[in-house]
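*Asks:* coordinates for the following, if possible.
(2 chains)
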Amino acid sequence: ETGVTQTPRHLVMGMTNKKSLKCEQHLGHNAMYWYKQSAKKPLELMFVYNFKEQTENNSVPSRFSPECPNSSHLFLHLHTLQPEDSALYLCASSQVGLSQETQYFGPGTRLLVL
Amino acid sequence: AQKVTQAQTEISVVEKEDVTLDCVYETRDTTYYLFWYKQPPSGELVFLIRRNSFDEQNEISGRYSWNFQKSTSSFNFTITASQVVDSAVYFCALSEPILTGGGNKLTFGTGTQLKVEL
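*Replies:* Numbering: from 1, shown residues only, chains lettered A, B, ... in the order given. Predicted structure coming up:
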């Protein structure tokens, strides 16, 4: 595997379900990010982890719970979601401290909440 | 607060035409970084270019070129001799540092959907 991978690619869940999104980066980076892309809205940053520590929570509702066990893996745990949470969830990684720091993105998980 | 504006929601061109995608940004930072990403229908954001605010040289990469003008806060992207494979949504983004903990966060524009037809 190369780059940033995300699983599952597609997910349909009911409002009472609990599911998790997984992201893995194979780039040796030390920071990972979750973004949300809703229809007709700009990409929104949700969470940032730098060296496994959360450094940014962009006022995300508590029904989204991130977890970063190490610099290569990032999870987004979902519970009691609402239909308006349906979106493309994108994971990214970067190497903080590099002069040419750039975020590289995974293919995303398309989430539909019924 | 940072802001990125991509006023063109959708552009349609015929193959081989040149097309320019506009990006205007707002920031109070004196040092900042600008990016362009391409999002094909598959959904993945593909990194195209990064530009530092202190480097105003224009850049060319094959059929792609970028015009950075600090005086007008613009970072426009031109595709020369467009091809059907260029059809995608293109996003301009501006980064700002995360003061506690390090790293950067990106502020994206709303994107420009480019359709290249035969």
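*Asks:* and the closest residue to A:Ser94 other than its chain neighbours, what is it in contact with?
*Replies:* With Cβ to Cβ, 6 or more residues apart in numbering or on different chains as the criterion, A:Ser94 has its nearest non-adjacent residue at 4.5 Å, and that residue is A:Gln103. Backbone N, C-alpha and C define where each C-beta goes, glycine included. By Cβ atoms under 8 Å, 6 or more residues apart in numbering or on different chains, the contact set of A:Gln103 is A:33, A:92-94, B:35, B:47, B:104, B:106.
*Asks:* for A:Lys41, give its distance to A:Tyr35.
*Replies:* Distance of A:Lys41 to A:Tyr35, given as Cβ to Cβ, to the nearest Å: 11 Å.
*Asks:* which residues does the residue nearest to B:Pro40 when sequence neighbours are not counted contact?
*Replies:* In this structure, B:Pro40 finds its nearest non-sequential neighbour in B:Ala88, 4.5 Å apart by Cβ to Cβ, 6+ apart. Contacts here follow Cβ under 8 Å, 6+ apart; on that basis B:Ala88 touches B:38-41, B:113-114.
*Asks:* gap between B:Ala88 and chain A?
*Replies:* Here the criterion is Cβ to the nearest Cβ, to the nearest Å. By it, B:Ala88 lies 13 Å from chain A.
*Asks:* when A:Lys41 and A:Tyr35 are compared, which one has more neighbours?
*Replies:* A:Tyr35 (25 against 12; other Cβ atoms under 10 Å in any protein chain shown).
*Asks:* chain B contacts on chain A?
*Replies:* Counting by Cβ under 8 Å from any Cβ of the partner chain, the positions of chain A adjacent to chain B are A:31, A:33, A:40-43, A:45, A:48, A:50, A:53-56, A:88, A:90, A:92, A:94, A:96-97, A:100-108, A:110.
*Asks:* how about low-confidence regions in chain A?
*Replies:* Low-confidence segments of chain A (pLDDT under 70): A:1.
*Asks:* where do the strands sit along chain B?
*Replies:* Assigned by DSSP state E, the strands in chain B fall at B:3-5, B:10-14, B:19-21, B:24-26, B:33-39, B:46-52, B:59-61, B:64-69, B:74-79, B:88-97, B:104-108, B:112-117.
*Asks:* identify the residue nearest the closest residue to chain A within chain B in space, chain neighbours excluded?
*Replies:* With Cβ to the nearest Cβ, the shortest gap between chain B and chain A falls at B:Gly101, namely 2.9 Å. Spatial nearest neighbour of B:Gly101, excluding adjacent residues (Cβ to Cβ, 6+ apart): A:Thr55 at 2.9 Å.
*Asks:* one more: B:Ser82?
*Replies:* Spatially, and ignoring its direct neighbours in sequence, B:Ser82 is nearest to B:Val116 (4.7 Å; Cβ to Cβ, 6+ apart).
*Asks:* next: A:Val12.
*Replies:* Distances taken as Cβ to Cβ, 6+ apart put A:Leu112 closest to A:Val12, at 4.7 Å, once the chain neighbours are dropped.
*Asks:* which ones are touching A:Asn30?
*Replies:* So A:Asn30 contacts A:50-51, A:71, A:95-97 (Cβ under 8 Å, 6+ apart).
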